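Participant: fold the following.
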Amino acid sequence: MIQISEAAVSRIKEMMAAEKASEPFFVRFGVKNGGCSGLTYGLGFDTSYQDSDTIIELDGVKLAVNGESYPYVDGVEIDYIETGMMGGFSIQNPNAKATCGCGSSFRTALDRGKKEKCD
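Facilitator: All right, here's what the predicted structure looks like:
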């Protein structure tokens, strides 16, 4: 199960209100190949669901995760952290077995054979 903090839900609602889209949309969360450890997170708005999506709804915010990504993010905690004048989403993933020094990519036990090659 994916956890979303109250701060993250609040920030997502603010972003959705500012978007003023003409059709209903939701948050899509997943992973894709990339980064120096093998996988990177994707978090953004979307308007169409996929058949394999798992939908999580919390306090009016819908989050969709496609079936291919779900094994990599099951158990993730999404938070929103503000520090001084900066803020951003923080993702804590118990499945990550290695992360890049820059913090933007990760690898899990499902990715056997890939090497971390950060500079």
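
Participant: would you mark the buried spots in the longest helix seen in the chain?
Facilitator: Counting residues, the longest helix found in the chain (DSSP state H) is helix 6-19. For helix 6-19, the neighbour count (16 or more other Cβ atoms under 10 Å) marks 7-9, 11-12, 16 as buried. Glycine gets a C-beta too; all of them are placed from N, C-alpha and C.

Participant: residues contacting F45?
Facilitator: Taking Cβ atoms under 8 Å, 6 or more residues apart in numbering, we find F45 in contact with 16, 19, 21, 25-28.

Participant: closest to E57 among the residues you listed?
Facilitator: F26 (9.0 Å; Cβ to Cβ).

Participant: which phi and psi does the residue nearest to the closest one when sequence neighbours are not counted have?
Facilitator: Distances taken as Cβ to Cβ, 6 or more residues apart in numbering put K62 closest to F26, at 4.0 Å, once the chain neighbours are dropped. Backbone torsions for K62, taken as degrees, to the nearest 10, come to phi -100, psi 130.

Participant: what about K62, distance to G30?
Facilitator: 14 Å (Cβ to Cβ, to the nearest Å).

Participant: good, we can wrap up now.
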